[in-house]
Structure formats: C-alpha cells, structure tokens
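Student: Just a sequence and a predicted model for now, questions to come.
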Amino acid sequence: DVKVTQSSRYLVKRTGEKVFLECVQDMDHENMFWYRQDPGLGLRLIYFSYDVKMKEKGDIPEGYSVSREKKERFSLILESASTNQTSMYLCASSGAPQEAQPQHFGDGTRLSIL
Amino acid sequence: KQEVTQIPAALSVPEGENLVLNCSFTDSAIYNLQWFRQDPGKGLTSLLLIQSSQREQTSGRLNASLDKSSGRSTLYIAASQPGDSATYLCAVINDYKLSFGAGTTVTVRA
C-alpha cells in the first residue's frame, strides 16, 4: 500500500513565524502535491513537483514556497505565517497520469496560526 | 479553467438504499477521473480511478461510470451501510493537476 506521511496532525504557530510542513512518500512517485482545504472553498492546489528540485505553482502559491531535495520528500514552507493561512493542509503523491496512477493523500495537518 | 460540480451537496438515506452521486466537469480533455472518500478531520482515501478511455470501473459495492463527451461521472454505492457515511469527492486529472468538486456529504441512517 502507498504510504504518504505528513509530519504533524496538528500544529499551532504564531503570526510571523516561518513554518515547515513535511511530507514523505514511500512509492518512488515522481509527482508530489500540496493542497489546502477550507470549508466552502474545497481543495485548492498550492504547489506541485514533478521531479527532484522541480516545482510548479498551483492555484494559490502566494505566501508559500516548497522544497524537494529528495524524491520521497516534499516540504511546504510558510515564509511568514498569517492568520489567513489557518487551514487543513494535505500532501499527495502520484505516478505519471498517463499511466493511470491515482493520487494518494496523507492524513493532513491541521494548522492554526494565532 | 476546469470547473467540477457535484450534486447534491448532501444526501441522507436509510441503510440498505443505493446511493447515486453525480459529478460534472467542463473540460473533457482529461486523463483520468478519480473518486475519493473523506472522513471528518481526515485525509482523502482513493476509491476508484477511471481512465479517460474507460466507461466504468468497479470495486466491491462501488461502481463509477464516466461519460467524457458529456462531462459526467456517477458513483454508485450499492446497499449502503452506516459506515459509508462520509464526504465523497470527485477529481478530474488534466496533465498533472487534479481539479476537485466540493463534495457530496452522505449520511446513512441505521
């Protein structure tokens, strides 16, 4: 079974802090994704990566950056956390879409910015 | 931009009834369509993936159909159980990205 592991289930940080969310997958997937999920807005793509050191902006990249130094690990960074970044953050990984590879998700990190 | 719509937003049925969940999308140039289940406060669990060349996919009590030309997919859950209570999300895959619907929240009453 594919395992996508997010480092924290719950996290509380203060405004202005630099926040790191970590995600690790064990299936040697090329593609990794970060989403946020908010009531009434659904799931929105923040960033994705299709290879080591490669990244692409999603729909809402402002205020975030990412790092992918190793194939199995994809980090989301909140450069200076703000209260409007309080949300559920979900990481996912997949193989090539042309090969009908499903996306697999972690359990999520519920982040609160005070 | 791909728009994905799920109707209804919520559904409540008695145990044993069959469930029908609908998903529509605006851009038919998709690779695949994927159905997920989400329990409160949890991540997404992949249920079924239908390739764009397929018409349907089955797994146990679940059956998903895809009509790419009309931009529609339907998830059928046979003989519903209280454990099926969750939010069901469909997502279409264009290139590498998933576009999600808002979900249908299902309650199965014992």
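Tutor: Sure, I can see it. Numbers count the residues shown, from 1 in each chain, chains lettered A, B, ... in the order given.
Student: ok, and for the worst-scoring helix or strand of chain B on mean pLDDT, which residues are buried?
Tutor: Every helix and strand of chain B was ranked by mean pLDDT, DSSP states H and E. The lowest is strand B:97-100, at a mean of 88. Buried residues in strand B:97-100, counted by 16 or more other CB atoms under 10 Å in any protein chain shown: B:97-100. To be clear about C-beta, it is placed using only N, CA and C from the backbone, and glycine gets the same treatment.
Student: Please name the bridge partners of residue A:35.
Tutor: residue A:45, residue A:90 (DSSP bridges).
Student: And the helix or strand that the least confident helix or strand of chain B is followed by, what does it pack against?
Tutor: Along the chain past strand B:97-100, the next helix or strand (assigned with DSSP states H and E) turns out to be strand B:104-109. Counting contacts by 3 or more CB pairs under 8 Å, 6 or more residues apart in numbering or on different chains; DSSP states H and E, strand B:104-109 packs against strand B:10-14, strand B:19-25, strand B:86-94.
Student: show me what contacts residue A:89?
Tutor: Residues in contact with residue A:89 (CB atoms under 8 Å, 6 or more residues apart in numbering or on different chains) are A:6, A:21, A:34-37, A:76, A:108-111.
Student: Then residue A:65?
Tutor: A:47, A:76-77, A:79.
Student: Identify the residues contacting residue 49.
Tutor: Just so you know, I chose chain A. A:31-33, A:55-56, A:66, A:68, A:74.
Student: Chain B, not that one
Tutor: Residues in contact with residue B:49 (CB under 8 Å, 6+ apart) are A:100, A:102, B:32-35, B:57.
Student: and what of residue B:52?
Tutor: Listed by CB under 8 Å, 6+ apart, the contact set of residue B:52 reads B:30-33, B:66, B:68.
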